[in-house]
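1. one predicted model, sequence on top.
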Amino acid sequence: MPDAHAIPDDAPPCVPVWAALDAVEMAAHAIEVNPANDPLRHVPVQAGVAGVADVIQPDRLAVLTGAMWPTGTTLRVGFEGGSTAVRDKVLGYAREWSKTANLDFDHATTNLDILVGFARPGYWSYLGAPSRMFASRGDVSLNLQGFDGSMPDSEWRRVVPHEFGHALGFPHEHLAKSIRDRLDPDKVYRYFGGPPNNWSRSLIDSQILDPPTASDWRQGTVEEDSIMCYTFGGNLTKDGRPIVGGTFLTDDDRATAGSWYAGRVKPPVEPDEPPTSGPPRLLIGGPGVASAIPAPGGFAAYRFAHTGRGLFSIEVAVRAAGNLEPVASLGQPGEASAKLKFRRGKAAGIKASAGEYELRVRHPIPSLAGPVWARVTKGR
């Protein structure tokens, strides 16, 4: 695998920022933004008796402090750099969380809650409400190194919701003990201590092997294909089996976000279109369409028409595929199909004659099934 988060070798994995700075100050700010973050808010105070806050060290209380925003907040997002199109696209992917979470994002230039930058190294974000402490004084709080119009959509789907997940207060899924217990510490130290990451032993501990607190944002359940989980190859686990990690927001991610930020009012349901038979249809240059592989060993089928003019490309995302490329074939219905070659989830520059085509998507891990997403774009 290229690195633990399945991103290009020249970009480091995501590092949610919390313990690296003054955790006590950040915790105080998190409580100021949202009093529900106070770990002692339900502890009774008795006159003449030492309180819990007088006994527990401030740095430990900081670790126990939450990072959530008040439910129903519209977060004000500013940008340092980036074209108008890139900024709009960032907000579009951030709002994927808002489909279930009772929070919104709005472009702003003052009184910022989140400040997005593109020039600093790496993909990272401050964790939750303390983002405002930095953004409000003009410091980048969420970074998307090198994101521009040339970045493939597969990276937008994977990285932007992940980093905004941190900005909403969600930690890495792989900090859950059940996932950490599968990792071989010696292999993890060697891998992340070398290029391109060159992490110190203490950073590896805090980000992977021995975090200050274990991840429990799902309150008891663990999803290895969550958008918040790193991908770890079998070369880093004790049993040689990979931890597949997440490449796009799953239904479980959305449901969990909706439980933390409850109260999202669902938009009115539009009248159903007349039912159609056959596989879901794609439009060249149109939006992506979700479907599902019904069972292990099966495939999800899509249909689309091509005029025969110009090249087109196909983008595919498969749930729980980790850093494995999609497995898909393309051909005319009833005819032999050809296997497509993907790079970062995209089969680019396809030339074909006019006609009706069927795309068949299989899971790269034959024993798995589940949701898929595909779209056809013009050109390369």
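-> Right, received. Where do you want to start? In this text the structure is predicted, and so the values were computed from the model without any measurement. Numbers count the residues shown, from 1 in each chain.
2. all contacts plus neighbour counts: C-alpha atoms, from now on.
-> Fine.
3. which regions of the chain lie under the pLDDT threshold?
-> Of all residues in the chain, those with pLDDT under 70 make up the ranges 1-66, 212-221, 265-277.
4. quick one, strands of it?
-> Applying DSSP state E to the chain gives strands spanning 74-80, 104-107, 114-117, 123-125, 142-144, 289-293, 300-306, 312-318, 327-331, 338-339, 346-350, 355-362, 370-378.
5. nearest to residue 165, of those?
-> Using C-alpha to C-alpha as the criterion, the shortest distance between residue 165 and the strands of the chain is 9.0 Å, found for strand 123-125.
6. from what I can see residue 295 touches residue 370, true?
-> Yes: counting by C-alpha atoms under 8 Å, a contact exists between residue 295 and residue 370, whose distance comes to 7.4 Å.
7. identify the bridge partners of residue 232.
-> Each beta-bridge partner of residue 232 is listed here, defined by DSSP bridges: residue 243.
8. one more: residue 75?
-> Residues found in beta-bridge contact with residue 75 (criterion: DSSP bridges) are residue 105.
9. give the contact list for it.
-> Residues near residue 75 by C-alpha atoms under 8 Å, 6 or more residues apart in numbering: 103, 104, 105, 106, 112, 113, 114.
10. and what of residue 347?
-> Contacts for residue 347 (C-alpha under 8 Å, 6+ apart) come out as 313, 314, 315, 340, 341.
11. which one among those gets closest to residue 127?
-> Closest approach to residue 127 among those (C-alpha to C-alpha): residue 315, at 30.8 Å.
12. what is the neighbour count of that closest one?
-> For residue 315, the tally of surrounding residues (other C-alpha atoms under 10 Å) stands at 21.
13. leaving out the residues flanking it, which one is nearest to it?
-> The shortest distance from residue 315 to any non-neighbouring residue, by C-alpha to C-alpha, 6 or more residues apart in numbering, is to residue 346 (4.4 Å).
14. flag every buried residue along stretch 173-181.
-> 173, 174, 175, 176, 177, 179, 180 (16 or more other C-alpha atoms under 10 Å).
15. what is the end-to-end distance of it?
-> Across stretch 173-181, the straight-line distance between its terminal residues is 13 Å, by C-alpha to C-alpha, to the nearest Å.
16. try stretch 333-341
-> One end of stretch 333-341 to the other measures 20 Å (C-alpha to C-alpha).
17. out of the contacts of residue 347, who's nearest residue 290?
-> Distances from residue 290 to the contacts of residue 347, taken as C-alpha to C-alpha, are shortest for residue 315 (11.9 Å).
18. can I assume the closest one is in contact with residue 376?
-> Yes: contact criterion C-alpha under 8 Å: residue 315 and residue 376 qualify, at 6.4 Å.
19. from residue 355, how far off is the residue nearest to residue 315?
-> In this structure, residue 346 lies at 22 Å from residue 355, with C-alpha to C-alpha as the measure.
20. if you count what's nearby, which of these two comes out ahead?
-> Relative neighbour count places residue 346 above the other of residue 346 and residue 355, with 24 against 13, counting by other C-alpha under 10 Å.
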